[in-house]
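K.L.:
what would the 3D arrangement of this be:
(one chain, ligands or ions: 1)
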Amino acid sequence: DQAPLEEAFEATIAGNDRIEPRDWMPDDYRKTLIRQVAQHAHSEIIGMQPEGNWITRAPSLRRKAVLLAKVQDEAGHGLYLYSATETLGISRDELTRRLISGKQKYSSIFNYPTLTYADVGTIGWLVDGAAICNQVPLCRTSYGPYGRAMIRICKEESFHQRQGYELLMTMMRGTDEQRAMVQESVNRFWWPALMMFGPPDGDSPNTEQSMAWGIKRHTNDELRQRFVDMSMPQAEALGVTFPDPELKWNEERDSYDYGEPDWEEFWHVVKGNGPCNAARVAHRKAAYDDGAWVRDAAMAFASQAGRVGRS
Ligand code: ACO
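P.N.:
Next up is the predicted model:
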């Protein structure tokens, strides 16, 4: 009889407590988590590419060291999140195969190119800023391993955001050409950053159930609004503008009004047709294929070690 198990699960969710890997959970709860946490892990791993593009061309040793550390952090985030997903009964190898075969998604934002060095700063400021906004509430998500991974990830993302903002601030104190480079970069990344929060609530098939299960703590539009409100004073301090003529303080709502992102572009990118989708997945697949001999050697060594251990 499953009823007592279901009751225990519902009580845990209602009490804002954590579900742990060995606890009973509904199949759809497990499936939703595998979908979201894997998509999150894939985003961290694919997200290494746009910035990795600038490691060899960073303008100083200091900038290169910072960028290297940042990109390595993203790899670490991917690995904690794959480990959290594995506790749901699926292997990292299977998840990687789902990513490179296009069966699982990753964040739309990483399908845009990094055309100038200012993009490194803009990604830190806006993309990691949006990530923090979305991820801080996930520290309280109902699934234990996911929430615990998010705590460390958020701390590291805060460093990423600050390094981006500091980089842009330095460029803004530079020449007219550098200031123009920052503004041009912000113009390209503003709308895609807003799209990171997902479709509007009315077009988000998963939000309602994910909120009921305590997987998500806020809706896509709530977090998008929070991000706009948090970014406006930062843009003013930096001396840049966002490419949205409708952005305006709304006294009554105690928030900024803003324009509608181009949702057609969003779905186009999510379906795999953005400017860099094919290149991102091809690069990941090549790395996976090139690493096959390492995995095979590790498995062969482990099985031999096992034999020695038993004899
Ligand atoms: N990029 C790609 N796909 C997206 C995006 C996006 N920005 N936003 C939504 N989608 C997809 C969803 O995965 C879903 O498709 P699926 O059902 O096939 O998985 C579909 O669009 C509809 O969206 P929702 O119903 O709103 O999906 P969901 O409830 O999962 O909300 C969200 C999407 C907000 C991204 C949620 O999954 C989430 O908070 N994830 C954790 C954070 C995360 O993944 N961040 C990655 C980028 S940050 C970084 O790596 C630095």
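
K.L.:
got the contact list for Glu184?
P.N.:
Going by Cβ atoms under 8 Å, 6 or more residues apart in numbering, Glu184 touches 116, 118. Heads up, the C-betas are built off the backbone N, CA and C, glycines and all.

K.L.:
please redo it, this time with the cut-off set to 10 Å
P.N.:
Going by Cβ atoms under 10 Å, 6 or more residues apart in numbering, Glu184 touches 115-116, 118-119, 122, 240.

K.L.:
export the helix-or-strand element of the chain with minimal mean pLDDT as PDB, just CAs?
P.N.:
Least confident helix or strand of the chain, by mean pLDDT, DSSP states H and E, is helix 292-310 with a mean of 83. Presented in PDB, the C-alpha positions along helix 292-310 are these (Å, rounded to 0.1, in the frame of the first residue of the first chain):
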ATOM      1  CA  ALA A 292      36.500   7.900 -24.500                       C
ATOM      2  CA  TRP A 293      39.900   6.300 -24.100                       C
ATOM      3  CA  VAL A 294      40.300   7.900 -20.600                       C
ATOM      4  CA  ARG A 295      37.000   6.400 -19.500                       C
ATOM      5  CA  ASP A 296      37.800   3.000 -21.000                       C
ATOM      6  CA  ALA A 297      41.300   3.000 -19.300                       C
ATOM      7  CA  ALA A 298      39.700   4.000 -16.000                       C
ATOM      8  CA  MET A 299      37.200   1.200 -16.200                       C
ATOM      9  CA  ALA A 300      39.800  -1.400 -17.200                       C
ATOM     10  CA  PHE A 301      42.000  -0.300 -14.300                       C
ATOM     11  CA  ALA A 302      39.100  -0.400 -11.800                       C
ATOM     12  CA  SER A 303      38.100  -3.900 -12.900                       C
ATOM     13  CA  GLN A 304      41.700  -5.100 -12.500                       C
ATOM     14  CA  ALA A 305      42.100  -3.400  -9.200                       C
ATOM     15  CA  GLY A 306      38.900  -5.100  -8.200                       C
ATOM     16  CA  ARG A 307      40.300  -8.500  -9.200                       C
ATOM     17  CA  VAL A 308      43.500  -8.000  -7.200                       C
ATOM     18  CA  GLY A 309      41.500  -6.800  -4.200                       C
ATOM     19  CA  ARG A 310      39.400 -10.000  -4.200                       C
END
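
K.L.:
residues in contact with it?
P.N.:
Helix 292-310 is contacted by residues 93, 288 when judged by Cβ under 10 Å, 6+ apart.

K.L.:
just how off-centre is that helix within its chain?
P.N.:
On the basis of Cα atoms, centre = their mean, to the nearest Å, helix 292-310 sits 34 Å off its chain's mean C-alpha point.

K.L.:
that older thread, mind listing which of the contacts of Glu184 are in strands?
P.N.:
Nothing among those maps onto strands, per DSSP state E.

K.L.:
going through those, which ones are buried?
P.N.:
Buried subset of those (neighbour count, 16 or more other Cβ atoms under 10 Å): 118-119, 122, 240.

K.L.:
biggest separation within those residues, which pair?
P.N.:
Within these, Asp119 and Val240 form the most distant pair, 13.6 Å apart (Cβ to Cβ).

K.L.:
what residues does the stretch 201-311 of the chain have near the ligand?
P.N.:
204-207, 210, 216, 220, 270 (Cβ under 6 Å from any ligand atom).

K.L.:
now do the stretch 1-150 of the chain
P.N.:
35-36, 39-40, 43-44, 47, 105, 107-108, 131, 134.

K.L.:
got CSV for the residues you listed, with pLDDT too?
P.N.:
Putting those into CSV (pLDDT from 0 to 100) gives the following:
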residue, pLDDT
Arg35, 98
Gln36, 98
Gln39, 98
His40, 98
Ser43, 98
Glu44, 98
Gly47, 98
Lys105, 96
Ser107, 98
Ser108, 98
Ala131, 97
Asn134, 97
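
K.L.:
any idea which of those residues is closest to Glu264?
P.N.:
The closest of those to Glu264 turns out to be Ser108 (Cβ to Cβ; 12.6 Å).

K.L.:
Asn53 versus that closest one, what's the distance?
P.N.:
18 Å (Cβ to Cβ, to the nearest Å).

K.L.:
out of these two, which sits in the busier spot?
P.N.:
Ser108 (21 against 15; other Cβ atoms under 10 Å).

K.L.:
what's the neighbour count on the residue lying closest to that one once chain neighbours are set aside?
P.N.:
Spatial nearest neighbour of Ser108, excluding adjacent residues (Cβ to Cβ, 6 or more residues apart in numbering): Val269 at 4.5 Å. Per other Cβ under 10 Å, the neighbour tally for Val269 reads 21.
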